[in-house]
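1. next input, structure requested:
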Amino acid sequence: MERPSIKVGNKTYKAAKPKAKVWRLLVRFQDRHGTDPNVLESEEAYNEMMELLEKLFNNSDVTVDFLEENVDFDEIFTLFYGIQDWLQQEVQKKMESVPSKNVSATGSQT
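-> Predicted coordinates:
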């Protein structure tokens with residue numbers, strides 16, 4: 001899956017390599033809002049989505065205010081849900097690359 005991006009005017013902003021904080025924000029959002037069909041009606045959920053987008057792009061130009069002023073409303077939600085899929089895919093790739101080791105209850109490898 002391609003790295004998420006937004007285009008504003010002639011400039012394209014690409015999401016930064018995800019940091020742990022972004023993953024934590026996504027997990028928190030999913031824990032609080034899950035698949036709630038009314039999530040779009042929640043100001044709290046909206047604020048959390050915008051915070052996650054701002055942190056993900058990790059660019060001083062891409063702030064919540066910048067996104068709200070320059071990105072169409074429907075694009076925000078399309079971007080956010082695409083980012084969820086992208087982050088989950090990135091984490092899955094990392095988990096698959098971690099060597100599997102059997103560890104006993106005492107912590108020793110078997």
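2. okay, and the helix or strand of this protein with the least pLDDT?
-> The least trusted helix or strand in the chain, going by mean pLDDT, DSSP states H and E, turns out to be helix 73-97, with a mean of 88.
3. need the contact partners of that helix.
-> With Cβ atoms under 8 Å, 6 or more residues apart in numbering as the test, helix 73-97 has contacts from 1, 3-4, 6, 15, 18, 22-23, 26, 30, 40, 49-50, 52-53, 56, 67, 71. Quick note: C-beta positions are derived from backbone N, CA and C, even for glycine.
4. out of those residues, name the ones that lie in helices.
-> V22, W23, L26, Q30, M49, M50, L52, L53, L56, L67 (DSSP state H).
5. drop anything exposed from those residues.
-> Those of the ones in helices among the contacts of helix 73-97 that meet the buried threshold are V22, W23, L26, M49, M50, L52, L53, L56, L67, by 16 or more other Cβ atoms under 10 Å.
6. how about these, which pair is most distant?
-> W23 and L67 (19.9 Å; Cβ to Cβ).
7. any idea how far stretch 73-82 is from the middle of the chain?
-> With Cα atoms, centre = their mean, to the nearest Å as the basis, stretch 73-82 stands 11 Å off its chain's centre.
8. same question for stretch 76-87.
-> On Cα atoms, centre = their mean, the centre of stretch 76-87 falls 7 Å from the chain's centre.
9. mind listing what's buried along it?
-> Buried residues in stretch 76-87 (16+ other Cβ under 10 Å): I76, L79, F80, I83, Q84, W86, L87.
10. mind putting the residues you listed in a markdown table, distance to S60 included?
-> Shown next, in a markdown table, are those (distance: Cβ to Cβ, whole Å):
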| residue | distance to S60 |
| --- | --- |
| I76 | 19 |
| L79 | 19 |
| F80 | 20 |
| I83 | 19 |
| Q84 | 24 |
| W86 | 22 |
| L87 | 21 |
